[in-house]
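Q: structure of the sequence below:
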Amino acid sequence: MALKRRQKISPNFSMASMTDLIFLLLIFFMITSTMVSPNAIKVLLPQGRQQTSAKPLTRVIIDKQLNFYTAFGNEDEMPIDLEELPAFLQRCAEKEPDMYVALYADEAVPYREIVRVLNIANENHFKMVLATRPPEKKR
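A: Predicted structure coming up:
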């Protein structure tokens, strides 16, 4: 009596381990992308209750030493003189006509410097957003 073993090699490939790997890579990239800071220049923003939902494309930053920096989109912040700011904003407006300009000013910056930037935006009909930090929670 001859018994034959039926050993068939399955041509199927299990994708279970591949989907686990893709899922872990997705989580890794989601976590690392949220750690990227859009502002490399540290400014202590004033507190505000309202937070805007508009996504500004152009950033104007004033630190506490009254140095001006600008950036468009995901570009790094570059130092700029106040006299060069209107020309920079015009170039950005040519790239994106419906852009918002976000002003990040340290809370120690005198109000007159903020008004100077707001006047430049107003004269050129740019939409301006003042960046603030959320209020601290009371204990």
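Q: for this structure, just list every one of the helices.
A: Assigned by DSSP state H, the chain shows helices spanning 16-35, 85-95, 111-123.
Q: isn't I80 up against F88?
A: Yes: with contact defined as CB atoms under 8 Å, I80 reaches F88; the gap is 6.1 Å. Every residue, glycine included, has its C-beta placed from N, CA and C.
Q: where does this structure have low pLDDT?
A: Counting by pLDDT under 70, the chain has low-confidence residues at 1-6, 34-56, 133-135, 137-139.
Q: just give me the neighbour total for L24.
A: Neighbour count of L24, defined by other CB atoms under 10 Å: 10.
Q: now do D98
A: Residues near D98, counting by other CB under 10 Å, number 7.
Q: now it: phi and psi?
A: phi -100, psi 40 (degrees, to the nearest 10).
Q: for D76, see how far away it is.
A: With distances defined as CB to CB, to the nearest Å, the gap from D98 to D76 amounts to 23 Å.
Q: same question, T32
A: 18 Å.
Q: now swap in L57 and tell me
A: Between L57 and D76 the distance is 15 Å, computed by CB to CB.
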